[in-house]
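*Asks:* got a sequence here, can you model it:
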Amino acid sequence: MSQQSQQKQEQQKNGRLKTIKTKNPATEENINEYEIFDKEHINKVTKTAKDAFVKEWSTLTIDRRSGLLYDLSHNLRKNKEYLAKTATQEMGKALKESKSEVEKCAWALEYFADNGKVFSNDEIINTDARKTFITFQPLGVIGSIMPWNFPYWQALRFAAPSLMVGNTIVLKPASATIQCGLEIQHAFTAAGLPNGVFQTITGDSSVAENLIDSHDVNAVTFTGSVSAGGKVAQRATYQIKKCVLELGGSDPFIVCEDADIEKATDGAIKGRFINCGQSCIASKRFIVDRKIVKEFTEKFVQKAEKLRVGDPMSDTTDIGPLVNEQGLNKIESIVNDTVKGGAEIVTGGERLGNRGYFYRPTIVINVLPKMRISQEEVFGPVAPILVANDENEAVLLANDSQYGLGASVWTRDLEKAEKLSGLISSGIVSVNNVVVSDPRVPFGGVKNSGFGRELSKYGMLEFVNIKSVRFYDELLHIHHVE
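*Replies:* Below you'll find the predicted structure:
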């Protein structure tokens, strides 16, 4: 046993080593206990990341980095079953969704391995100089603070483009999904990436603060709540560190009079109840034209009542538990407040079972714009239906939110859809489909949904130094302004 391990055992025995526990939301049983990294330990990790950046990772050719990302993608697919079960055990999503999440991570890694070189090629510009070009250079160590709802995808959708361009990463996963974060680091090691290129640190919010403060961290990316994101931005920008924030949403789902009701209700099921409704880009406010609201609601209810809620480890389960008791209590509180305000539950609206944080898929009608359910980000399997008299009112209702992440529009008239998509205040609009993240297109929002972008070429360029270089044959003397 190493001296460090002996010291940790002694600290734990004497109660001086701070730890954090994870819990299975389906059974309420404790899963594991992890060390809360102290400031000294975090600084050692970030120093290792800086050394890896300077001495190895940033000096590799982009083709070599690409090859290692392909190896990582292969490793994820090879271990998909184990990784999926780990995520389901920690945060409760249905096993089939966990498997799909791992597959999507592998796809993103391959996409940036395929396209990263093109995205980061120098750009030649025609100026008065003999030669002018723009080059894209990595910033260094990026601190990544990620949530629990998609523990692999949200970490790797940022990591893939950032690593490809030459940065190194230190990940602080959510306290609910610590093992998922550690498994990502293990996957990097198994794929043969150099030591220090991707590391995971464990603990609570104090760990995130120390990560941001570390002298060796050059920039920060954060996904989570508005309140926490504001604190991250304040802490990072005070130290003149670039940050990107993805802070969730309350996505409108607009159903026009001429929509295909069958397709729209299929989309409503998928958009609202994926991951037990715990998704930043889940459809959260269903804004339906008055002329079709009765038909839409009836079909939506019929399909919601067919969803199977239960053991998330079963391949036949559609919806597992919410992540924790706090989340369950908040959902119950929001639904109760909505009913007190005059709304009506047409299906669901209750807890399930005596163990675990299960809540029945719920649809609520007679919802008003100023109700709590319309204004807050509802992170659970609850769908409020609001009625609009026409498309103009639908857009007004859609924009009546502090959030602006995604939106979907359902109509057979594509010219109308294009017009409405231009009027909606959001970073993403999907027509006749639910909003999904895609490595090929930028992801991010406006208003309180944050700033900056992930994915695509634009996500890759968030964490680079965009450097202009000019070559002159002779000194230019006419400079009247700086």
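
*Asks:* pull out the buried positions in the helix or strand encompassing residue 106.
*Replies:* Applying DSSP states H and E as the criterion places residue 106 in helix 95-119. Within helix 95-119, the residues that count as buried by 16 or more other Cβ atoms under 10 Å are 95-113, 115-117, 119. (C-beta placed from N, C-alpha, C; glycine too.)

*Asks:* backbone dihedrals for the residue nearest to the spatial centre of the chain, please?
*Replies:* Geometric centre of the chain, nearest residue: residue 154, 4.3 Å, by Cα atoms, centre = their mean. In terms of degrees, to the nearest 10, the main-chain angles of residue 154 are phi -70, psi -30.

*Asks:* so who does it touch?
*Replies:* Contacts for residue 154 (Cβ atoms under 8 Å, 6 or more residues apart in numbering) come out as 146-147, 223.

*Asks:* strands - which of those land there?
*Replies:* With strands taken from DSSP state E, the overlap with these comprises residue 223.

*Asks:* tabulate the contacts of residue 154 (a markdown table), appending neighbour count.
*Replies:* Putting those into a markdown table (neighbours: other Cβ atoms under 10 Å) gives the following:
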| residue | neighbour count |
| --- | --- |
| 146 | 29 |
| 147 | 23 |
| 223 | 26 |
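
*Asks:* burial count for the residue nearest to residue 319 when sequence neighbours are not counted?
*Replies:* Closest residue in space to residue 319, ignoring its immediate chain neighbours: residue 309 at 4.6 Å, by Cβ to Cβ, 6 or more residues apart in numbering. The number of residues packed near residue 309 is 21, by other Cβ atoms under 10 Å.

*Asks:* could you pull out the helices in the stretch 1-150 of the chain for me?
*Replies:* Along the stretch 1-150 of the chain, counting by DSSP state H, counting those that start in this stretch, helices occupy 3-13, 39-55, 62-78, 80-91, 95-119.

*Asks:* among the ones you listed, which is nearest residue 482?
*Replies:* Closest approach to residue 482 among those (Cβ to Cβ): helix 95-119, 31.4 Å.

*Asks:* remind me what the closest one packs against, helices and strands.
*Replies:* The contact analysis (3 or more Cβ pairs under 8 Å, 6 or more residues apart in numbering; DSSP states H and E) places helix 95-119 against helix 62-78, helix 80-91, helix 153-164, helix 456-460.

*Asks:* so, low pLDDT: which residues of this protein?
*Replies:* Low-confidence segments of the chain (pLDDT under 70): 1-16, 477-480.

*Asks:* hmm, residue 36 is touching residue 204, no?
*Replies:* Yes - using Cβ atoms under 8 Å, residue 36 is in contact with residue 204, at 5.9 Å.

*Asks:* so what sits against both of the two?
*Replies:* Jointly contacting residue 36 and residue 204 under the rule Cβ under 8 Å, 6+ apart are residue 20.

*Asks:* just want the angle from the helix holding residue 106 to helix 80-91.
*Replies:* Angle of helix 95-119 versus helix 80-91, following axes from the mean of the first three to the mean of the last three Cα atoms, to 10 degrees, is 110 degrees.

*Asks:* got the helices of the stretch 1-150 of the chain as CSV, with distance to residue 343 columns?
*Replies:* Listed next are the helices of the stretch 1-150 of the chain as CSV, based on distance: least, Cβ to Cβ, whole Å:
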stretch, distance to residue 343
helix 3-13, 50
helix 39-55, 46
helix 62-78, 43
helix 80-91, 29
helix 95-119, 29
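
*Asks:* ok, which of the ones you listed comes nearest residue 301?
*Replies:* Among the helices of the stretch 1-150 of the chain, helix 95-119 sits nearest to residue 301 (Cβ to Cβ), with 22.6 Å.

*Asks:* next, the angle helix 153-164 makes with the closest one.
*Replies:* Going by the same axes, to 10 degrees, helix 95-119 makes 20 degrees with helix 153-164.

*Asks:* centre of the chain versus helix 95-119, how much separation?
*Replies:* 14 Å (Cα atoms, centre = their mean, to the nearest Å).

*Asks:* quick one, strands of the stretch 151-300 of the chain?
*Replies:* 168-172, 198-200, 219-223, 242-246, 251-255, 283-289 (DSSP state E, counting those that start in this stretch).
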